[in-house]
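Visitor: Mind folding the following:
(one chain, ligands or ions: 1)
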Amino acid sequence: MLHHVSTGSFYDNFDIPWGNGRANIFESGQLLTCTLDKISGSGFQSKKEYLFGKIDMKMKLVAGNSAGTVTAYYLSSKGETWDEIDFEFLGNVTGQPYVLHTNVFTGGKGNREMQFYLWFDPTADSHTYTVLWTLLTSCNFLVDGIPIRMFKNNEAHGVACLKSQRMKIYSSIWEADDWATQGGRVKTDWTNAPFSAFYRSFNDVDCCSRASVWNWVTCNANSNSWMWTTLIPNQVGQMKWVQDDYMIYNYCTDYKRFPQGLPMECNLG
Ligand SMILES: *[C@@H]1O[C@H](CO)[C@@H](O)[C@H](O)[C@H]1NC(C)=O
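Guide: Got it, this is the predicted structure:
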């Protein structure tokens, strides 16, 4: 069977190569924590590689004064022309909003940042952050099931899309106080360390993890219809709501940054 679903024990699905004991799994594999202190951050990666899929992770971010910390959750392939789908959570001083920074790399090229505030406090409870990666819509970023960003397959117009390189899931927490919070003006207060992010309820649906790169056509032909899904009208409305009310940066409207013209996909809608 090509279609595989796992509801995940962190033990079964992830390795912890970074942080020298600062990332740990608890509750029989149902909870993972990553911590950051002055000496080091920490992180984990999936054992599996994915080629299309829907991956949900519940995360609760560093509470209190998290200024200067970045918690990244992303999919990435390897090599110089790698693909990547990024969620990065930029911390803030107590009571000020986190920023959710997103980016998409194709063939080693990114520069597709979109940033959002969230409509809830991401440090108070766990919320579900989803990458929905299909052939038709390439990648979608969802928060609690609400799409916030879609990077379409615009291959027909010469825009590289994510369709042939397998990616692993990664997450890590590190210190980036030179840029992360209020443009780098607010530094990390190490008296609050260690900083902890919490992960639960990992869930994946992967279509093609075991197929070879050359097999993706076969894989698509056999896969469920969600491979071809696009947003339903209700979700289009939701995405518009988020982008109208919570988006604080969009590379596609940054004319100053791209004096020679916006990236191709920005003109394709
Ligand atoms: C932190 O709070 C300030 C003030 O509300 C805000 O301008 C900024 O976007 C927030 N987030 C980050 C990551 O700086």
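Visitor: And stretch 143-160, how far out from the chain middle?
Guide: 13 Å (C-alpha atoms, centre = their mean, to the nearest Å).
Visitor: and I16, what is it in contact with?
Guide: I16 is in contact with A23, N24, I25, S42, G43, F44, counting by C-beta atoms under 8 Å, 6 or more residues apart in numbering. Heads up, the C-betas are built off the backbone N, CA and C, glycines and all.
Visitor: can you put those in JSON lines and add pLDDT and distance to the ligand?
Guide: Shown next, in JSON lines, are those (pLDDT from 0 to 100; distance: C-beta to the nearest ligand atom, whole Å):
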{"residue": "A23", "pLDDT": "97", "distance to the ligand": "23"}
{"residue": "N24", "pLDDT": "97", "distance to the ligand": "26"}
{"residue": "I25", "pLDDT": "96", "distance to the ligand": "28"}
{"residue": "S42", "pLDDT": "98", "distance to the ligand": "21"}
{"residue": "G43", "pLDDT": "98", "distance to the ligand": "20"}
{"residue": "F44", "pLDDT": "97", "distance to the ligand": "23"}
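Visitor: Just the residues you listed: which are in strands?
Guide: Within the contacts of I16, residues falling in strands by DSSP state E are A23, N24, I25, S42, G43, F44.
Visitor: In TSV, list the contacts of I16 along with neighbour count.
Guide: Shown next, in TSV, are the contacts of I16 (neighbours: other C-beta atoms under 10 Å):
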residue	neighbour count
A23	26
N24	16
I25	17
S42	25
G43	22
F44	22
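Visitor: Farthest pair within these?
Guide: Using C-beta to C-beta, the pair of these lying farthest apart is I25 and G43, separated by 13.1 Å.
Visitor: Please report phi then psi for N13.
Guide: phi -100, psi -10 (degrees, to the nearest 10).
Visitor: so Y129 is in which element?
Guide: Using DSSP states H and E, Y129 sits within strand 127-134.
Visitor: Run the chain-centre distance for that strand.
Guide: So, by C-alpha atoms, centre = their mean, the centroid of strand 127-134 is 8 Å from its chain's centroid.
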